[in-house]
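> predicted structure and sequence below. I'll ask about it afterward.
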Amino acid sequence: MAQPSDKGIVGKPVPRPKRPPGTQAFVPEILKGMKVTMEHFFRNAKEVALAQRPDPVLESLDEGITTVSYPEQKRPYPERFRGLHRLTLREDGSPRCVACLCCSTACPAQCIHIVAAEYPEGDARRGYERFPDQFVIDELRCIFCGFCVEACPCDAIRMDTGQHAAPYDSRDQFIYKKDLLMAATGRDGSRETENPRHEPGDPTHPGVDREQGH
Amino acid sequence: MDGYFFLFTGLKILVVVLFVVNTAAILTWGERRQSAMIQDRVGPNRAVIYLPGWLLKLLSLAVGFALAAAAAQYAWLARKRPDPVRIDAWFGLTELGILLAWVGLVVLRRQARRKGEAHGIGGALARIGDARTIFYGGLATHVVVALARALAGDSEAGAVGGLFQVGSAVAVLLLAAAGVLGFSRVPSGKVGVRLGGMLHALADGAKMAFKEDFVPANADRMLHALGPIIALFPAFVVFAVVPFGDTLCIHVNHTGHFFTDLFMARIGEISNAGYSPVVPRYGICAEGAVPLQVANLNVGILYVFAITGTGIIGAAIAGWSSDNKFSLLGGLRASSQMVSYEVAMGLSLVGAFMTYNSVRLDDMVRWQSEHAWGIFVQPFAFVLFLAASIAENKRVPFDAPEGESEIVAGYYLEYSGMKFGMFMLGEYMELAISSAILVTIFFGGYALPFLHRDGITFAIGETVYYHLKMAHVAVILLGVAAFFAKTWLVCWAQLFIRWTVPRFRYDQIMKLGWRFLLPSALVNMLVTAMILLGIGQGGPSLSAVLDVLGDLTQALVLLAGIAGILGFISALLAPPREHKRVVSSSATFADAQGGTKATPMQA
């Protein structure tokens, strides 16, 4: 244990702040402060009254009021923004999804629930692929990591709707079912994707199925 | 003491109460919106009422045509009046026409610029680089027309009279055109009306009335309910002694029919020579004097001190009855602060009383109207009184009783709902009242420079340069409007202090009150007394010099007022500042989509 010093406690001397009479009188300092606040007030009040505010997105780092007046104004999301999911469609309007369960397996939040079903007897796709009888995403549980999109081998699930989750008033409204997911469009307004789909019977189809292939 | 006395007193009370309560409501909005503008925020403006566009279109058309019709009728009736009156009427309409013309040009130029017009009249307007050139042109035209009126003489107007006739016709057309312009500019869908965010304050007030009224379990229920009432009470009654206008001379015939007499009443002076709408500058009304002041007490300002002092009982009771240590501390702080600053506040005004030779507020205004405004006579007392009155109102920087960083909300910590609303309303009403008293004592009350009871008399010392007789009713109305406008201006300035200055520590408040304000007020009193003694010994030549100085200060106020208005308009019309364009990822993306739109961009 350290012995107490003989000299007692010695601190570093800190100079007192200078207080010239102008500062002490307080009134000139208040006037100086009011000049600053008034400059801001008049500039911003004029820009708001005459609609000369800086553009909240294009000039967002400028001085003045750059608040986005949501929901009249909205900040555009970047091109690759991950929004709510959608299920992409084939040309005939059925989902591209083949119910392989890759997405629900990859999902770290376990928010995707799929019930797979077989195509009926006689369908060209029966025995070759399945389809989702139910496809449910709990958007409240989703962490928007995008792993499901990465995992999908068919480009069937996408997060390019550009929509964020809306503020609903009950939890069950966040449960997005197959119909809703299929109804959502991408930012370009389309329900399909640019990637071509090769159906069995198409000349481009590689011809791989359970009977004749691997 | 007849029926008219009660009628007029009732009307005065109504005016005063409506003014104070509405000012308080507007101040709650003003303070929040002003603080937002200071801090580069938009502020609360979400509350909105949607009106159908066709309604606003019709309204604009109706107002424009109604005003045009009124102006046309006025010009038509003036045709048969005697010469100076007729020419003055047409002169006034011509000036109105010029005002409408340059304002309209500014609006049209802005519209043309928005649309990017390049050809025709719109293109020519859009090519004007600076809107201020239009304003300066309009101002020059105003002055030229006024000079033409001055040179034309009163009886033989000649060509100038004809010119004014044409100008009146143009004014009528422009009023109608303004209605049509408004009609074309209102969008046809539904239009959101926000009143600059004032509806937000209204919605907040409505919310407050419906909120839960929580009373702590161990609180003294009776005192807890009494606190806000006691705090609100003085705010309502203090305004009684503040004159909001000059004494009104109204002549009522007493034939026994109350309402018939009232509607036949004449404002002005009735003497042996007959009825005259203009009253003399000095002296009181021959009969039927109605002072525009609810109670003309001979104790005047002392009543204000006495009543505002009781407001603190509300804060103390609220702090005590809430059963909360922070509340109690707040109540104690409020009490001690009030007691300390009451002394300095009273003493700081003694110099003003000695100068005005009265404690009656109406006498003070009359003295300032004849001599010089209080701010020039007692500048030091103004600073002292301002500081003391802010401390009395417990406003920043003297808001230690509420100090939210130390004692949460002070004495109204345990209040919610409308009881809290009453504290808040009371605080803003006190702000309005302290501004009204500052205006009355230091800014000439309802007086305007060179405007007296008989009209405008521009005189420096004994020399009269210009004199214009004005009807009594116009003088009174101008005075009332001036008083209310000045009060709002001072309120606005007081809000700035709140958003500029940080809070004092509690010991600093006490030191400032007892060690600075109180001695300074005493010194101010002493110095004023010595100067007044000196002036008393000085004789007539000194008082003549002082009269000239007083008139010069009035001229200074006039010039400052005109410069302020012109500067305000030219600052409004100044070209907008160049904005810095930045390249962020969302800005680049928005740019690729054709810039930020007011439609759903997040897509």
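Done, it's in. Numbers count the residues shown, from 1 in each chain, chains lettered A, B, ... in the order given.

> chain A: strands as residue ranges?
Ranges of strands in chain A, per DSSP state E, are A:86-87, A:112-118, A:130-138, A:157-158, A:175-176.

> swap in chain B?
Counting by DSSP E, the strands of chain B are B:49-52, B:190-193, B:248-251, B:266-267, B:269-271, B:274-276, B:289-290, B:451-452, B:455-460, B:463-469.

> would you agree B:Glu212 is in contact with B:Lys419?
No: counting by CB atoms under 8 Å, B:Glu212 stays clear of B:Lys419, with 10.8 Å between them. In short, each C-beta sits where N, CA and C put it, glycine included.

> returning to that earlier point: out of the strands of chain B, which one sits most buried?
Neighbour counts (mean count of other CB atoms under 10 Å in any protein chain shown) averaged over each of those peak at strand B:451-452, with a mean of 22.

> pLDDT on it, on average?
Mean pLDDT, strand B:451-452: 88.

> report all helices and strands that that strand contacts.
Helices and strands touching strand B:451-452, by 3 or more CB pairs under 8 Å, 6 or more residues apart in numbering or on different chains; DSSP states H and E, are helix B:472-498.

> how far out from the middle of the chain is the helix it packs on?
The chain centre lies 3 Å from the centre of helix B:472-498; the measure is CA atoms, centre = their mean, to the nearest Å.

> next, the buried residues of that helix.
When burial is assessed from 16 or more other CB atoms under 10 Å in any protein chain shown, helix B:472-498 yields the following buried residues: B:472, B:475-476, B:478-480, B:482-484, B:486-488, B:490-491, B:494-498.

> what's the helix of greatest length in chain A packed up against?
In chain A, taking DSSP state H as the definition, the longest helix is helix A:27-49. Secondary-structure packing of helix A:27-49 (3+ CB pairs under 8 Å, 6+ apart): helix A:21-24, helix B:3-38, helix B:472-498, helix B:540-573.

> tabulate those helices (CSV), appending mean pLDDT and distance to B:Leu451.
Formatted as CSV, those follow (pLDDT from 0 to 100; distance: least, CB to CB, whole Å):
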stretch, mean pLDDT, distance to B:Leu451
helix A:21-24, 81, 38
helix B:3-38, 88, 21
helix B:472-498, 91, 6
helix B:540-573, 90, 10
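
> pick the most deeply packed of these.
Highest mean neighbour count of those: helix B:472-498, a mean of 19 (counted as mean count of other CB under 10 Å).

> that one to helix B:3-38, inter-axis angle?
Between helix B:472-498 and helix B:3-38, the angle comes out at 40 degrees (axes from the mean of the first three to the mean of the last three CA atoms, to 10 degrees).

> taking helix A:27-49 as reference, get the angle to helix B:472-498.
Using the same axes, to 10 degrees: helix B:472-498 against helix A:27-49 is 110 degrees.

> around chain A, which positions in chain B sit nearby?
B:34, B:37-42, B:383, B:496-497, B:499-501, B:571-572, B:576-577, B:579-582, B:584-587, B:589-591, B:593, B:595-596, B:598, B:600-603 (CB under 8 Å from any CB of the partner chain).

> of B:Glu212 and B:Lys419, who's got more company?
Taking other CB atoms under 10 Å in any protein chain shown, B:Glu212 and B:Lys419 do not tie; B:Lys419 has more neighbours (23 against 7).

> quick one: contacts for the more buried one?
Applying CB atoms under 8 Å, 6 or more residues apart in numbering or on different chains to B:Lys419 gives the contacts B:213, B:224-225, B:227-228.

> now, which of those residues sits nearest chain A?
The closest of the contacts of B:Lys419 to chain A turns out to be B:Asp213 (CB to the nearest CB; 27.3 Å).

> look up how far B:Ala219 lies from the closest one.
Separation of B:Asp213 from B:Ala219 (CB to CB, to the nearest Å): 12 Å.

> low pLDDT regions in chain B?
Chain B contains residues with pLDDT under 70 at B:1, B:153-157, B:582-583, B:596-603.

> neighbours of the residue of the stretch 201-350 of chain B found nearest chain A, just the number please.
Closest to chain A within the stretch 201-350 of chain B is B:Ser348: 14.2 Å, counting by CB to the nearest CB. The local packing of B:Ser348 (other CB under 10 Å) involves 28 other residues.

> what do you get for B:Ala391?
Using other CB under 10 Å, B:Ala391 has 25 neighbouring residues.

> contacting residues for it?
Going by CB under 8 Å, 6+ apart, B:Ala391 touches B:337, B:340-341, B:398, B:509, B:513.

> how about B:Asp213: what's its closest non-neighbour residue?
Closest residue to B:Asp213 apart from its sequence neighbours, by CB to CB, 6 or more residues apart in numbering or on different chains: B:Gly417 at 4.2 Å.

> pretty sure that neighbour sits against B:Lys211.
Yes: counting by CB under 8 Å, B:Lys211 is a contact partner of B:Gly417 at 4.0 Å.

> can you give me the helices for chain A?
Applying DSSP H to chain A gives helices spanning A:21-24, A:27-49, A:102-106, A:147-151, A:178-183.

> wait, which of those helices is closest to A:Gly8?
Among the helices of chain A, helix A:21-24 comes nearest to A:Gly8, with 33.2 Å by CB to CB.

> contacts made by that closest one with the rest, please.
For helix A:21-24, using CB under 8 Å, 6+ apart, the contacting residues are A:28-29.

> now stretch B:295-312
For stretch B:295-312, contacts defined as CB under 8 Å, 6+ apart pick out B:230-231, B:233-235, B:237-238, B:240-242, B:334-335, B:338-339, B:342, B:345-346, B:349, B:353, B:358-364, B:392, B:426, B:430, B:433, B:437, B:441.

> again, only using 6 Å
By CB atoms under 6 Å, 6 or more residues apart in numbering or on different chains, the list of residues contacting stretch B:295-312 from outside reads B:231, B:234, B:237-238, B:240-241, B:335, B:338, B:342, B:346, B:359-361.

> hmm, which of these are the buried ones?
Buried members of those, scored by 16+ other CB under 10 Å, are B:231, B:234, B:237-238, B:240-241, B:335, B:338, B:342, B:346, B:359-361.

> and the two most separated of these?
Using CB to CB, the buried ones among the contacts of stretch B:295-312 span at most 30.1 Å, a distance reached by B:Ser335 and B:Arg360.

> centre-most residue in chain B?
Centroid-nearest residue in chain B: B:Ala485, 2.1 Å away (criterion: CA atoms, centre = their mean).

> what residues does that residue make contact with?
Residues near B:Ala485 by CB under 6 Å, 6+ apart: none.

> ok, now the one 5 residues further on?
Residues touching B:Val490, when contacts are defined by CB under 6 Å, 6+ apart, comprise B:435, B:438-439.
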